[in-house]
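In: Build me a model:
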Amino acid sequence: MADWQEKLGNEFERAEQARALGNEGQARVCARRAAGIVVREYLIQRGIRPPSASAYDLLNLLKDDPHLSPDLRLIADHLTLRVTEEFKLPVDADLVAEARVLCNELIKQINP
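Out: All right, here's what the predicted structure looks like:
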């Protein structure tokens, strides 16, 4: 197992633990970091040097990737949304579940 795959699993575990403790904000942070891990690997596999270590920056880059379906670009967009003053997302989305979908689809492209 590659190092990035282990890190990915750890982030999703942290996300689930945070959610179980009622800390949805931390769960979203972990989901975003998990997605960033896979986006970074996806870019490397496509011969693109990741311009940043920031998951947020990498997800913003992915939103404009013409190789991805509109659904995946929408997930990348959701993962970069800012929360409201009430610490809620401005859309109805489960970022942990959406991050899993994004990661699974990108992994298929990394390891066809």
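In: Which helix or which strand is home to the nearest residue to residue 12 once chain neighbours are set aside?
Out: Excluding the flanking residues, the one nearest residue 12 by Cβ to Cβ, 6 or more residues apart in numbering is residue 34, at 5.4 Å. Bear in mind the C-beta positions are built from the backbone N, C-alpha and C, glycine included. Following DSSP states H and E, one finds residue 34 within helix 24-45.
In: Run through the neighbouring helices and strands of that helix.
Out: In terms of contacts (3 or more Cβ pairs under 8 Å, 6 or more residues apart in numbering; DSSP states H and E), helix 24-45 is packed against helix 3-20, helix 55-62, helix 70-79, helix 95-110.
In: Residue 51 versus residue 27, what's the distance?
Out: Distance of residue 27 to residue 51, computed by Cβ to Cβ, to the nearest Å: 27 Å.
In: and these two? which has more neighbours close in?
Out: More crowded of residue 27 and residue 51, by other Cβ atoms under 10 Å: residue 27, with 23 against 10.
In: Which one of the helices and strands packed on helix 24-45 lies nearest to residue 43?
Out: helix 55-62 (7.2 Å; Cβ to Cβ).
In: Could you give the average pLDDT over that closest one?
Out: Helix 55-62 shows a mean pLDDT of 94.
In: What lies in contact with that helix?
Out: Identification of contacts with helix 55-62 by Cβ atoms under 8 Å, 6 or more residues apart in numbering yields 32-33, 35-37, 39-40, 42-43, 50-52, 68, 72-73, 76, 79-80.
In: Buried ones from these, can you make that a ChimeraX selection?
Out: Here is the ChimeraX selection string for the buried members of those, based on 16 or more other Cβ atoms under 10 Å:
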select :32,33,35,36,37,39,40,42,43,50,68,72,73,76,79,80
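In: List the contacts of residue 98.
Out: So residue 98 contacts 31, 75, 78-79 (Cβ under 8 Å, 6+ apart).
In: now those residues in a markdown table, with pLDDT?
Out: Below are the contacts of residue 98 laid out as a markdown table (pLDDT from 0 to 100):
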| residue | pLDDT |
| --- | --- |
| 31 | 96 |
| 75 | 96 |
| 78 | 93 |
| 79 | 94 |
